[in-house]
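Chemist: Mind folding the following:
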Amino acid sequence: MEKRKNICFITAVPESMHAHRVTSGVLRQCEKYGYNVAVFSSMITPDFFYKDYAKGELNIYNLPNYSMFDGVIIDIISMVLQEKTGLADRIYHDIKEKADIPVIGIGMPIKDLPMIESDNDLMIRELCRHIVNVHKCKKICLLTGQKGNSEAEMRLNSMLDELSKLGVSVKDEHIVYGNFWYTSGKELAEKFISGKIEMPEAVIAASDHMALGLMEELRSNGIRIPEDIRVVGFEATQEALLNDIPLTSIKSNFEKSASDAVDRLRAIIEPGKEIIPFEPDLKDMLILGRSCGCTPDIDKTIGALKAAMYYPSKNYATDLYIENIDIGLLMESYIPEKLTASRNPEECIKKIYETTYILAPFVNYYMCLREDWLDIDAKIEQGYPDRIKLVIKTSKDHLNDRFSDSEALVFNTEELLPGLFSDQNEQYVYYFAPMHFEDRTFGYSVLQRKISEREKISVVFRNWLRFANNALEMARSKNMFVTMSYHDKMTGLLNRRGMYDKFEDLSKYRTSDEKVFAFVIDMDGLKIINDTYGHQEGDIGIITVSKAVSKIADINDICVRAGGDEFTVIGIGDLDTEGLEKKKASFYQELEKLTKNLDKPYQITASIGYAARPFSQNFQLDSLILEADEAMYSDKMARKRNNKQ
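Modeler: Residues are numbered from 1 along each chain as shown. Have a look, this model is predicted:
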């Protein structure tokens with residue numbers, strides 16, 4: 001079997017109408033040619049008002065390992081706002097620097113990037129034909145975007161050319177530049193009302209937003225739509241369909257542009273292979289509404305209404321459960337409350353795993369986190385670490401699922417996912433999304449679907465990610481406070497509270513055949529060091545002893561700073577007296593080594609004693625520690641006597 005080609009697709013706000021159309025074009029065309037697709041997307045626009053949050057989101061564009069792909073498609077329009085191309089420029093530069101693969105842009109030019117223009121000429125002309133042929137309008141005003149903007153000029157030129165072919169001439173005052181936003185429509189309405197511009201029979205707006213702003217301002221001033229003036233827009237947004245006067249509009253042709261981008265890549269990566277162009281259906285793309293005097297398309301309006309509605313309850317008996325998943329189900333499932341109630345990181349990961357059903361349909365869902373995501377002092381704001389761990393993997397059939405932080409699979413981040421693209425029997429699309437809290441990167445999420453699935457990324461996915469991110473931050477914060485309450489800040493060892501809690505866990509599955517041993521270590525001469533050299537040097541002495549204590553402890557032993565200069569090591573095992581004596585001797589050796597390496601004008605020494613008892617139902621840890629403490633005191637006295645001799 002010939003190895004599949006793998007395409008990287010970069011976009012933003014995957015739940016938006018624009019992203020749906022572009023993604024649909026990429027996926028449909030890649031499905032024709034047998035390609036896999038990996039989508040890398042932030043959930044917000046680059047100019048998102050919450051700057052720290054935006055920084056965490058946009059970090060996803062630092063993740064792709066471009067050497068894994070045969071080509072890249074960049075949805076430029078989703079990343080460019082107010083003519084600022086900085087993000088798209090940076091991504092393109094990053095690709096060229098890291099991999100020698102073809103890159104195609106969609107929508108508008110940046111640098112020397114080969115580009116597929118958003119060819120909406122046919123759609124714009126269809127709008128013009130509708131206004132002239134169906135509604136017999138002759139006096140028409142054209143409202144487009146910014147002067148000099150390539151898309152705005154293209155739409156305007158298509159309008160003027162088609163109207164000319166239809167025998168309609170447009171006055172200069174009726175050629176109006178705006179900004180594609182509501183404000184342009186409002187400003188034009190004010191000029192009509194004030195008489196600065198003659199009121200036309202109809203307005204053709206180059207965006208739905210401008211058309212809606214125009215309609216709102218006109219109606220608020222008593223001008224009727226469509227009786228006094230007809231209005232049509234462009235892009236067929238959900239808002240246009242659901243407006244109280246539904247706006248006649250036509251879908252943009254970005255699905256065609258995206259399909260053409262895949263075809264351009266195919267010609268480069270598989271020269272000579274068949275190209276099967278995508279052909280748009282103009283009749284299906286024109287959405288009729290009352291704004292021009294037509295009868296609204298009821299089926300499409302109901303579809304948009306269903307997508308926008310919040311259902312507080314569901315028909316859970318339906319066989320097509322995934323058709324019931326929407327924002328209402330997400331919110332009424334009380335997922336945020338369930339996740340927030342997690343007592344520790346391990347439980348948090350488990351609860352996130354249990355809520356992944358809300359993301360259906362999927363083949364697999366993966367969550368990858370930094371190894372040090374719980375470390376309060378470790379912060380990554382840009383890029384990802386060299387290694388990352390897979391804490392959640394779940395599939396629709398729940399075979400080989402995993403959900404653990406402590407036993408997660410660690411792999412090289414450049415792999416993106418263990419075994420990515422290894423299955424040559426099926427075509428898949430992988431949606432990579434950022435996991436973060438504000439600007440602190442945790443890792444990333446991956447939703448894997450069959451490329452033939454027509455389900456689109458929705459507001460459910462974005463908000464579920466927010467809930468999961470917030471839960472991870474809550475777990476991290478709780479873990480920090482638990483760590484602080486159970487650990488000694490200076491040495492990092494457990495404190496007495498931590499000792500009892502850890503011993504309880506350690507002793508749960510022990511039998512009476514095993515022994516519990518305790519070492520008590522007390523630093524010698526701390527007061528003399530403090531008085532002679534200062535408390536900072538005394539702290540160095542305490543830390544040095546703590547390091548020696550850690551050196552003699554096995555992986556399951558409990559290391560404790562029990563007081564100012566007193567330490568305890570507790571363990572369960574089969575150590576006999578000889579083994580305990582070896583540990584004691586090892587402590588002295590380690591402390592001596594550490595002291596020599598410090599090269600201080602004083603010596604750091606300590607006394608140590610131990611005790612051991614069989615583990616039984618009536619076992620008392622404090623009694624064992626007291627016995628070890630007495631042994632330590634005897635050791636201290638013996639060493640003092642020896643030093644005097």
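Chemist: Now the one residue sitting closest to the centre of the chain: phi and psi?
Modeler: Central residue of the chain (CA atoms, centre = their mean): Pro434, 1.9 Å from the mean position. Phi and psi for Pro434, reported as degrees, to the nearest 10, are phi -80, psi 140.
Chemist: what separates it from Met79, distance-wise?
Modeler: Per CB to CB, to the nearest Å, Pro434 is found 15 Å from Met79. Any C-beta I mention is one placed from the backbone N, CA and C, and that applies to glycine too.
Chemist: What of His130?
Modeler: From His130 to Met79 the distance is 32 Å (CB to CB).
Chemist: Kindly report the same for Met43.
Modeler: The gap separating Met43 from Met79 is 13 Å, by CB to CB.
Chemist: Settle it for me: which of the two has more neighbours?
Modeler: Neighbour totals were compared for Met43 and Met79, and Met79 leads with 28 against 21 (other CB atoms under 10 Å).
Chemist: dump the residue contacts of that one.
Modeler: Listed by CB atoms under 8 Å, 6 or more residues apart in numbering, the contact partners of Met79 are 10-12, 46, 85, 87-88, 91.
Chemist: In a markdown table: the residues you listed, plus distance to Met199.
Modeler: Listed next are those as a markdown table, based on distance: CB to CB, whole Å:
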| residue | distance to Met199 |
| --- | --- |
| Ile10 | 45 |
| Thr11 | 40 |
| Ala12 | 39 |
| Pro46 | 38 |
| Thr85 | 38 |
| Leu87 | 41 |
| Ala88 | 40 |
| Ile91 | 46 |
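Chemist: Out of these, which one has the weakest pLDDT?
Modeler: Among the contacts of Met79, Thr85 carries the lowest pLDDT, at 73.
Chemist: so it sits right up against Ile74, yeah?
Modeler: No. Counting by CB atoms under 8 Å, Thr85 stays clear of Ile74, with 10.8 Å between them.
Chemist: Name the residue in these two with the higher neighbour count.
Modeler: Between Thr85 and Ile74, Ile74 has the larger neighbour count (other CB under 10 Å), namely 26 against 17.
Chemist: partners of the helix or strand containing that one in the sheet?
Modeler: Per DSSP states H and E, Ile74 falls inside strand 71-75. Partners of strand 71-75 in the sheet, by DSSP bridges, are strand 6-12 (parallel), strand 103-107 (parallel).
Chemist: Out of those, flag the one nearest Arg613.
Modeler: Of all the strands paired with strand 71-75, it is strand 6-12 that lies closest to Arg613, at 62.0 Å by CB to CB.
Chemist: Contacts for that closest one next, please.
Modeler: So strand 6-12 is contacted by 19, 22-23, 26, 30, 35-42, 44-46, 61, 64, 66, 68-75, 78-79, 91, 262, 265, 421 (CB under 8 Å, 6+ apart).
Chemist: what comes up buried for stretch 499-515?
Modeler: 499, 502-503, 506, 515 (16 or more other CB atoms under 10 Å).
Chemist: about what we covered before: got the contact list for the closest residue to the residue nearest to the centre of the chain other than its chain neighbours?
Modeler: Of all residues not flanking Pro434 in the chain, Ile60 sits nearest, at 4.2 Å (CB to CB, 6 or more residues apart in numbering). By CB under 8 Å, 6+ apart, the contact set of Ile60 is 40-42, 432-434, 444.
Chemist: Tell me how far the nearest residue to Leu113 once chain neighbours are set aside lies from Glu255.
Modeler: If the residues on either side of it in the chain are set aside, Leu113 comes closest to Gly105, at 4.5 Å by CB to CB, 6+ apart. Per CB to CB, Gly105 is found 16 Å from Glu255.
Chemist: Hmm, the residue nearest to the centre of the chain is touching Asn59, no?
Modeler: Yes. The pair Pro434 / Asn59 is scored as a contact, 5.9 Å apart, by CB under 8 Å.
Chemist: And the helix or strand where Glu151 lies, what's buried?
Modeler: When secondary structure is defined by DSSP H and E, Glu151 falls within helix 150-165. Residues of helix 150-165 classed as buried by neighbour count (16+ other CB under 10 Å): 151-152, 154-156, 158-160, 162-163.
Chemist: could you dump those to TSV with pLDDT?
Modeler: Shown next, in TSV, are the buried residues of helix 150-165 (pLDDT from 0 to 100):
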residue	pLDDT
Glu151	84
Ala152	91
Met154	91
Arg155	94
Leu156	96
Ser158	96
Met159	97
Leu160	97
Glu162	97
Leu163	97
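Chemist: Name the nearest of the residues you listed relative to Ile287.
Modeler: Distances from Ile287 to the buried residues of helix 150-165, taken by CB to CB, are shortest for Arg155, at 17.4 Å.
Chemist: before we move on, back to that, which among the buried residues of stretch 499-515 gets closest to Cys348?
Modeler: The closest of these to Cys348 turns out to be Lys502 (CB to CB; 20.6 Å).
Chemist: I believe Pro601 is in a strand; please confirm or correct that.
Modeler: No. Applying DSSP: H, G, I helix; E, B strand; the rest coil, one finds Pro601 to be coil, outside a strand.
Chemist: Count the neighbours of it for me.
Modeler: 8.
Chemist: how about the strands of the stretch 51-200 of the chain, start to end?
Modeler: 71-75, 103-107, 115-117, 140-144, 175-177 (DSSP state E, counting those that start in this stretch).
Chemist: Between the ones you listed, which one is closest to Leu591.
Modeler: Among the strands of the stretch 51-200 of the chain, strand 71-75 sits nearest to Leu591 (CB to CB), with 57.7 Å.
Chemist: Residues contacting the strand holding Ile74, please?
Modeler: For strand 71-75, the external contacting residues (CB under 8 Å, 6+ apart) are 5, 7-12, 19, 22, 26, 66, 88, 91-92, 95, 101-107, 113, 258, 261-262, 265, 268-269.
Chemist: Only the buried subset of those residues, as a PyMOL command please.
Modeler: In PyMOL syntax, the buried subset of those is picked out as below (16+ other CB under 10 Å):
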select buried, resi 5+7+8+9+10+11+12+19+22+26+66+88+91+92+95+101+102+103+104+105+106+107+113+258+261+262+265+269
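Chemist: Under the pLDDT cut-off, which ranges of this protein? List them.
Modeler: For the chain, residues meeting the criterion pLDDT under 70 lie at 1, 81-84, 299-332, 509, 511-512, 617, 644-645.
Chemist: Mind naming the longest helix for it?
Modeler: Counting by DSSP state H, the longest helix found in the chain is helix 459-486.
Chemist: coming back round to it: Phe69 versus the residue nearest to Pro434, what's the distance?
Modeler: Distance from Ile60 to Phe69, by CB to CB: 16 Å.
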